[in-house]
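[1] Have a look; sequence and predicted model below, questions after that.
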Amino acid sequence: MTEDEFAAFSRESLANYAREKTKAEGHSEEEGRAIAEKQWNELLPQGHQTPNHHFFGVWTDETRVGHAWIAIRKKERGDLAFIYDIALEPEFRGKGLGKRAMLELETAARGLGARKMGLHVFGHNTAARRLYERLNYHPTNIVMEKSL
């Protein structure tokens, strides 16, 4: 991913994360954006050049249809590739491209030394959860809430 592509990815990914955080946790739009920006800056203090973070475009033929971001985390039982973001443009969803992108991301992670792949998915994102389950991802922690 070039610096220009990273700048566009950053704007899109950060805005989407803020929206999802707001929807999932009931923050105001302003609070969701502030939380997302704080976490983003902590995760990527050197932006595109932050060590162990890798950014990819998702392509079909000559068309960029999405993006992905993983980080390699050192673990006792082997390195873990953690997916911070993977997204397709809305018009390309539901066509098998998400599955293909996930499998290609797993291949890239293995090439970077990872032995496992992890991710976070918002509970309300049922389409993504179904995809991950079909690819044999399983819950490791579940956080639940109830409004009172």
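    Structure received.
[2] Okay, now the unreliable bits of this protein?
    77 (pLDDT under 70).
[3] And what about the residue nearest to the spatial centre of the chain, helix, strand or coil?
    With distances taken as Cα atoms, centre = their mean, Asp85 lies nearest the centre of the chain, 1.4 Å away. At Asp85 the chain is in strand, as set by DSSP: H, G, I helix; E, B strand; the rest coil.
[4] you'd agree it is up against Ser13?
    Yes - assessed by Cβ atoms under 8 Å, Asp85 is found in contact with Ser13 at 4.9 Å. Placement of C-beta: from N, CA and C, glycine included.
[5] Quick check: neighbours shared by these two?
    The contact sets of Asp85 and Ser13 overlap at His67, Trp69 (Cβ atoms under 8 Å, 6 or more residues apart in numbering).
[6] which residues in the chain form strands?
    Secondary structure of the chain (DSSP state E): strands located at 53-60, 63-73, 79-88, 114-119.
[7] Who are the contact partners of the residue nearest to the centre of the chain?
    Contacts of Asp85 (Cβ under 8 Å, 6+ apart): Ser13, Asn16, Tyr17, His67, Ala68, Trp69.
[8] Now with 6 Å, please.
    Residues near Asp85 by Cβ atoms under 6 Å, 6 or more residues apart in numbering: Ser13, Trp69.
[9] Report the separation between it and Ser28.
    The span separating Asp85 from Ser28 equals 23 Å under the rule Cβ to Cβ, to the nearest Å.
[10] Count the residues that sit near Tyr137.
    Using other Cβ atoms under 10 Å, Tyr137 has 16 other residues around it.
[11] roughly how far apart are the nearest residue to it once chain neighbours are set aside and Arg134?
    In this structure, Tyr137 finds its nearest non-sequential neighbour in Leu119, 6.9 Å apart by Cβ to Cβ, 6 or more residues apart in numbering. Applying Cβ to Cβ, the value for Leu119 to Arg134 is 14 Å.
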